[in-house]
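Colleague: A structural model of the following input is requested.
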Amino acid sequence: MKESRRTVDSIAITSIKVLALATVVILLLIVGYVAFRALVSTRQVYSETVPSMSSNVQPFEAVVHSKTRLTSLSYPVLKQLYGGNISSLRKLTGVDADVTLYIERGLEDSVASYLELDESSLSKSGHIVADREELLDAMKHIKGSIALVKPTAKPLAERSLKQVRIEDMVLAVHQSVTALQQNVKLSSVDEHFIQSLLDGTYRSWDEVGGHRQPIVVMPEAALVSQTPGAVALVPYQEAEQYALGKLQVASKVVSGNLSLSYLVEKPVESGRYGGVSTIILNTLMMVALTIAIAAPLGVASAIFLAEYKVNARALQIIRTGIDLLASVPSILFGLFGLLVFVQLAGWSFSLLSGSMTVAIMILPTIIRTSEESLRAVHKGLREASVAMGATKWETIWKVVVPAASPGILAGIILAIGRAIGETAVLMYTIGSSTETATSILSSARVLSMHIYLTITEGQSLDKAFASALVLLVLVLFINMIARAIIRRVFSHGTH
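Modeller: Numbers count the residues shown, from 1 in each chain. Just a heads-up that it's a prediction; the model follows:
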């Protein structure tokens, strides 16, 4: 009999350990995946030019400010910049800065000839012509600066500036290669196929996604235009000169994602560019206001239910109501907040409307966990306090509540976690302004909403994961602060 009990106990303990370990592993996998996606950006990029390849006909070098986040400049982008068609870095690198263009004195004709721009088109860019030292000195103070300078072996002395490659080689093909035939159209090739394409490893275009046609590698652009199925690696200008088709090159770019600038910069264009500094502040204000409303009400309600004698039937009805309130879907709280706080109270979409709604939503969590913690305090502590002459309220506040503070803290932390991660409730109540809320009646956007809107509006999955990691760290930070505050207030009840 004893052996069978020991076997059952052993199985039970092993099962508990396995489940606990599985829970920890799942948690680590989720957090690890979010952290990896937040810190590392992997995206598919399509370019008309071949990455990391430049011709020998370039009469200048490109120098940029390091904060532009440019690692290279393709010929089409360079032409649009100096043709006055691109004035901001937002669509190029996501940096919220205007472009300031420079040309070293003496290179004006070379730039116009290389980029095939006439004087009027070139002037649209508003570029600045200056001597090398003068323009380099000016560039180090301008985040969006880009310059074309004469080639030199002398390294750049200024650390905030860097030289980048100008990519101007393309895969030029005969028009038959990119033509639509039998519902098959080849418009791009993977970067890894280029070498095999040019050295003859691939013999037919259907091997790289095109239609069946022999691949003919040519040494120059003039021959490509005369030969069906031909391909050549030539400078961009030559491909344009002979009106050749150009295959886009698909490459996978791996780069850093979450950075310090993302945390300290303000969001621009509803978060499409810039960072999340104001959104973090709005989130902290929303959580602080929500807990300031919900925690006192929740703990006071729990004290009433646990410590004061009331009608048993009324007590059962109250507890049932609290349990039902805890099971109501968050979207219904959002609709309630929209009707009561936004419309009837006249608070509009604001920090106060959102915080009040979330406070009502998390009240059941605080009440039930606090009540159970208060009931778990040994009766002997109450009796000893009363025997020493303490009043009922002194007994509750100085003996029972401190003894129950770990459980109360757990309830508040659970409530904070739900409040900070809530989206449905806030969509209908708090608004979506990315500016810092200047009052409790200001519209505000919080991190959970920002993640949702970033994904649904198709802005950037990388930014969504970066914001998700910020939210995880923020939850951890708030929990640590909450624990420290509760332990300080009820320090003698936690020992």
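Colleague: please make it C-alpha for all contacts and neighbour counts, starting now.
Modeller: Fine.
Colleague: how about Val149, phi and psi?
Modeller: Backbone torsions for Val149, taken as degrees, to the nearest 10, come to phi -130, psi 160.
Colleague: hey, what's it bridged with?
Modeller: Glu61 (DSSP bridges).
Colleague: so what's Ala130 up against?
Modeller: The neighbours of Ala130, taking C-alpha atoms under 8 Å, 6 or more residues apart in numbering as the test, are Tyr102, Ile103, Glu104, Arg105.
Colleague: show me what the first one is bridged to.
Modeller: When you say that, I think you mean Tyr102. Residues in beta-bridge contact with Tyr102 (DSSP bridges): Ile128, Ala147.
Colleague: that one: what's it in contact with?
Modeller: His127, Ile128, Val129, Ala130, Leu135, Ser145, Ile146, Ala147, Leu148.
Colleague: look up how far Asp131 lies from it.
Modeller: Taking C-alpha to C-alpha, to the nearest Å as the measure, Tyr102 falls 10 Å from Asp131.
Colleague: do Leu81 as well
Modeller: Taken as C-alpha to C-alpha, the span from Leu81 to Asp131 is 20 Å.
Colleague: before we move on, back to that, as a markdown table, the contacts of Ala130 with pLDDT and distance to Ser72 would be great.
Modeller: Compiled in a markdown table, the contacts of Ala130 are given as follows (pLDDT from 0 to 100; distance: C-alpha to C-alpha, whole Å):
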| residue | pLDDT | distance to Ser72 |
| --- | --- | --- |
| Tyr102 | 95 | 17 |
| Ile103 | 95 | 17 |
| Glu104 | 94 | 19 |
| Arg105 | 93 | 23 |
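Colleague: now the helices for the stretch 351-495 of the chain?
Modeller: For the stretch 351-495 of the chain, applying DSSP state H, counting those that start in this stretch gives helices covering 351-375, 379-387, 392-395, 401-420, 424-427, 447-456, 461-489.
Colleague: Ala35 is nearest to which of those?
Modeller: helix 461-489 (5.9 Å; C-alpha to C-alpha).
Colleague: quick one, the closest one and helix 447-456 angle?
Modeller: Compare the direction of helix 461-489 with that of helix 447-456 by axes from the mean of the first three to the mean of the last three C-alpha atoms, to 10 degrees and you get 170 degrees.
Colleague: can you pull the buried residues of helix 461-489?
Modeller: 461-472, 474-475, 478-479, 482-483, 486-487 (16 or more other C-alpha atoms under 10 Å).
Colleague: what does stretch 49-64 give?
Modeller: Thr49, Val50, Pro51, Ser54, Phe60, Ala62, Val63, Val64.
Colleague: same thing with stretch 21-32?
Modeller: So stretch 21-32, judged by 16+ other C-alpha under 10 Å, has zero buried residues.
Colleague: that older thread, tell me the one among the buried residues of stretch 49-64 nearest to Leu89.
Modeller: Nearest member of those to Leu89, counting by C-alpha to C-alpha, is Val64, at 11.8 Å.
Colleague: the closest one: what secondary structure?
Modeller: What DSSP: H, G, I helix; E, B strand; the rest coil gives for Val64 is strand.
Colleague: what sits closest to it if chain neighbours are left out?
Modeller: Sequence neighbours aside, Ile146 is the residue nearest to Val64 in space, at 4.4 Å (criterion: C-alpha to C-alpha, 6 or more residues apart in numbering).
Colleague: contacts for the lengthiest strand in the chain?
Modeller: Determined from DSSP state E, the single longest strand within the chain is strand 245-256. Here strand 245-256 makes contact (C-alpha under 8 Å, 6+ apart) with 39-51, 170-175, 177-178, 186-191, 239.
Colleague: closest to Ile440 out of the contacts of Ala130?
Modeller: Scanning these for proximity to Ile440, where the rule is C-alpha to C-alpha, the winner is Tyr102, at 46.7 Å.
Colleague: got the buried residues for the longest strand of the chain?
Modeller: Quick answer for strand 245-256 (16+ other C-alpha under 10 Å): Gly245, Lys246, Leu247, Gln248, Val249, Ala250, Ser251.
Colleague: Leu281: which of the residues you listed is nearest?
Modeller: Once C-alpha to C-alpha is applied, the member of these that ends up nearest Leu281 is Ser251, at 37.5 Å.
Colleague: from Pro59, how far off is that closest one?
Modeller: 27 Å.
Colleague: got it, and Lys309?
Modeller: Taking C-alpha to C-alpha, one finds Lys309 at 91 Å from Pro59.
Colleague: cool, and Ser113?
Modeller: Relative to Pro59, and taking C-alpha to C-alpha, Ser113 is found at 10 Å.
Colleague: same check, this time on Glu383
Modeller: 92 Å.
Colleague: please apply the same query to Pro214.
Modeller: As judged by C-alpha to C-alpha, Pro214 and Pro59 stand 36 Å apart.
Colleague: for Asp462, same thing?
Modeller: From Asp462 to Pro59 the distance is 37 Å (C-alpha to C-alpha).
Colleague: which of the contacts of Ala130 has the most neighbours?
Modeller: Highest neighbour count within these, by other C-alpha atoms under 10 Å: Tyr102, with 27 neighbours.
Colleague: quick one: buried residues of stretch 34-49?
Modeller: Buried, per 16+ other C-alpha under 10 Å, within stretch 34-49: Val34, Ala35, Phe36, Arg37, Ala38, Leu39, Val40, Ser41, Tyr46, Ser47, Glu48, Thr49.
Colleague: between the helix or strand hosting Leu324 and helix 351-375, how many degrees?
Modeller: According to DSSP states H and E, Leu324 maps onto helix 312-327. Direction vectors for helix 312-327 and helix 351-375, defined by the same axes, to 10 degrees, enclose an angle of 130 degrees.
Colleague: contacts for helix 312-327, please.
Modeller: Leu305, Met361, Ile362, Pro364, Thr365, Arg368.
Colleague: wait, the second one sits on Phe333?
Modeller: Yes - because the distance of 6.7 Å satisfies C-alpha atoms under 8 Å, Met361 is recorded as touching Phe333.
Colleague: name the residue in the two with the higher neighbour count.
Modeller: Ranked by neighbour count (other C-alpha under 10 Å), Met361 and Phe333 place Met361 first, with 24 against 21.
Colleague: now that one: how far from Ile408?
Modeller: Distance from Met361 to Ile408, by C-alpha to C-alpha: 17 Å.
Colleague: which residues touch the residue nearest to Val64?
Modeller: Ala62, Val63, Val64, His65, Val99, Thr100, Leu101, Tyr102, Met139.
Colleague: not counting sequence-adjacent ones, nearest residue to the last one?
Modeller: If I follow you right, that is Met139. Residue nearest to Met139 in three dimensions, not counting chain neighbours: Ser145, with 5.6 Å by C-alpha to C-alpha, 6+ apart.
Colleague: report how many residues lie close to that neighbour.
Modeller: 25.
Colleague: contacting residues around it?
Modeller: Neighbours of Ser145 in contact, by C-alpha under 8 Å, 6+ apart: Val64, His65, Thr68, Val99, Thr100, Leu101, Tyr102, Met139.
Colleague: and the furthest pair within those residues?
Modeller: Thr68 and Tyr102 (14.5 Å).
Colleague: show me the helices in the stretch 51-200 of the chain, by range?
Modeller: 75-82, 90-93, 108-114, 119-123, 132-139, 175-178, 194-198.
Colleague: just send those helices back as TSV, with distance to Gly389 too.
Modeller: As requested, the helices of the stretch 51-200 of the chain are arranged in TSV below (distance: least, C-alpha to C-alpha, whole Å):
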stretch	distance to Gly389
helix 75-82	83
helix 90-93	71
helix 108-114	93
helix 119-123	90
helix 132-139	77
helix 175-178	94
helix 194-198	89
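Colleague: I'm done for today, thanks for sticking with me.
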